[in-house]
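Enquirer: Next input, structure requested:
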Amino acid sequence: MPVIDPQRTWAPLEERLSVTKDERHRVVLNVVIEHMKAEAAPDLDRLMATLSPTPDYHFWNGGQDVGPKTTDGVRTYYANFVASRSNVLEFAIDRLVLDDHCLVTEGYLKQIYPGSYAAQLGLPVDDESADYLVVNRLLLLWPVDEDGLVQGEDSYSSGPASITKLSLDELPRQYIDLVHGSQDAPA
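Expert: Purely as a prediction, here's the structure:
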């Protein structure tokens, strides 16, 4: 059985949307849901269409902001993200805070990394040909502009909470197709 399901990423937002009456809050939720779904697709043009004309990302690691800036910087970031083949993920959100200009999500970000990419990042893996589930605690702020577009992502992460080598039957089909091609594997 696959260890992650990308659709669970936006499920808490859709649940909140289903009971939200405030129109501005609905705008904020809808644009973040669209952003998440476009990232999961992955559809770079659809993803970029959710962003303001001047996106500004802040990824805080060790007190340093390493997030991409400008439209070109963010587009390059997402193109590289997809190329790394670590874009099959699930954000298990356990806290959601919403106002007129920002959505805050907190939970465990679960990503599957090819072993070679994990090693390249300096993660402690013992087999570069294997696949690993990397889990981080993440707080993510989604500022949304007056036009209803995401202005960026401001993320704060604990670093890896766990790194687990996976067997083929634990991998979701989307990941198998992306990384391993047309191998016979469980659906």
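
Enquirer: now what about the lengthiest helix in the chain, what contacts it?
Expert: For the chain, the helix with the greatest residue count under DSSP state H is helix 23-40. Residues from elsewhere that reach helix 23-40, judged by CB atoms under 8 Å, 6 or more residues apart in numbering: 6-7, 9-10, 13-14, 16-17, 20, 46-47, 49-51, 78, 87-89, 91, 98-103, 142, 144, 148-150. Just so you know, the C-beta spots here come from the backbone N, C-alpha and C atoms, and that holds for glycine as well.

Enquirer: buried subset of those residues?
Expert: 6, 9-10, 13, 16-17, 20, 47, 50-51, 78, 87-89, 91, 98, 103, 142, 144, 149-150 (16 or more other CB atoms under 10 Å).

Enquirer: In strands only, show me the residues you listed.
Expert: Judged by DSSP state E, strands contain the following of the buried ones among the contacts of helix 23-40: 89, 91, 98, 103, 142.

Enquirer: Do I have it right that the second one meets residue 135?
Expert: No. Contact between residue 91 and residue 135 fails when scored by CB atoms under 8 Å: they sit 10.8 Å apart.

Enquirer: low-confidence ranges in the protein?
Expert: By pLDDT under 70, the low-scoring segments of the chain are 1, 182-187.

Enquirer: tell me the contacts of the residue most central in space within it?
Expert: Central residue of the chain (CA atoms, centre = their mean): residue 89, 6.1 Å from the mean position. Residues in contact with residue 89 (CB under 8 Å, 6+ apart) are 4, 6, 9, 40, 109, 110, 111, 112.

Enquirer: and it, how far is that from residue 54?
Expert: Look at residue 89 and residue 54: by CB to CB, to the nearest Å, they are 26 Å apart.

Enquirer: ok, now residue 8?
Expert: 31 Å.

Enquirer: and what of residue 123?
Expert: Distance, residue 123 to residue 54, by CB to CB: 33 Å.

Enquirer: Same question for residue 117.
Expert: Distance from residue 117 to residue 54, counting by CB to CB: 30 Å.

Enquirer: The two: which has the busier surroundings?
Expert: Neighbours were counted for residue 117 and for residue 54 using other CB atoms under 10 Å; residue 117 has more, 19 against 13.

Enquirer: Return the residues in contact with the residue nearest to the more buried one when sequence neighbours are not counted.
Expert: Sequence neighbours aside, residue 84 is the residue nearest to residue 117 in space, at 5.3 Å (criterion: CB to CB, 6 or more residues apart in numbering). Residues near residue 84 by CB under 8 Å, 6+ apart: 113, 114, 117.

Enquirer: Double-check the second one against residue 83; I have them as touching.
Expert: Right, residue 114. No. In this structure, residue 114 is not within contact of residue 83 by CB under 8 Å, at 11.2 Å.

Enquirer: Of the two, give the one with the bigger neighbour count.
Expert: Here residue 114 and residue 83 are compared on neighbour count by other CB under 10 Å; more neighbours surround residue 114, at 21 against 10.
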